[in-house]
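# Sequence first, predicted model second:
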Amino acid sequence: MDLEIATLQAKDGDAAGLINAMRNGGGSDALLSAPGCRSVKVLPGVENPGTVAFLVEWDSAEAHAASKSSPGFAKFIEIASPWFGGGGSMQHFSLD
């Protein structure tokens, strides 16, 4: 299993809006419905409050890449992308 760690800038620094879209607006549920997605955590930045961390467990980095064409991933993008600002980073780490 692989852990995706993504750090994203929220649009206009509105991390609360992005977190709400994920936790209460269906973004996390949509991502969890994508094939190979096992868990999703969305965390607010402390030192940089306009930043949000995504911790997503995938069957593998390849499963993450393949999921990008799924309806669940498309729904996640539809819900969350209005809150995405520019910049950020993403990397996978092995959990095995």
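Noted; the coordinates are in hand.

# so what's residue 91 closest to, chain neighbours aside?
Of all residues not flanking residue 91 in the chain, residue 5 sits nearest, at 5.8 Å (CB to CB, 6 or more residues apart in numbering). Heads up, the C-betas are built off the backbone N, CA and C, glycines and all.

# List the beta-bridge partners for the one you found.
Residues in a beta bridge with residue 5, per DSSP bridges, are residue 55, residue 91.

# how close does it get to residue 89?
Distance of residue 5 to residue 89, given as CB to CB, to the nearest Å: 8 Å.

# Specify which residue of these two has the higher count of neighbours.
residue 5 (13 against 8; other CB atoms under 10 Å).

# tell me the contacts of that one?
53, 54, 55, 90, 91, 92, 93 (CB atoms under 8 Å, 6 or more residues apart in numbering).

# Check residue 3 too.
Residue 3 sits next to 55, 56, 57, 58, 92, 93, 94, 95 when contact means CB under 8 Å, 6+ apart.

# mind redoing it with 7 Å?
Going by CB atoms under 7 Å, 6 or more residues apart in numbering, residue 3 touches 55, 57, 92, 93, 95.

# Would you map the strands across the chain?
Under the criterion DSSP state E, the chain contains strands at 2-10, 37-44, 51-58, 84-94.

# Contacts for the third one, please.
By that I understand strand 51-58. 1-10, 15, 18-19, 31, 36-45, 64, 95.

# and those residues, which are buried?
By neighbour count, with 16 or more other CB atoms under 10 Å, those hold 2-4, 7-10, 15, 18-19, 31, 36-37, 40, 42, 64 as buried.

# Out of the strands of the chain, which is closest to residue 23?
Among the strands of the chain, the nearest to residue 23 by CB to CB is strand 37-44 (6.4 Å).

# Given the closest one, what are its sheet partners and their directions?
Applying DSSP bridges to the sheet, strand 37-44 is found paired with strand 51-58 (antiparallel).
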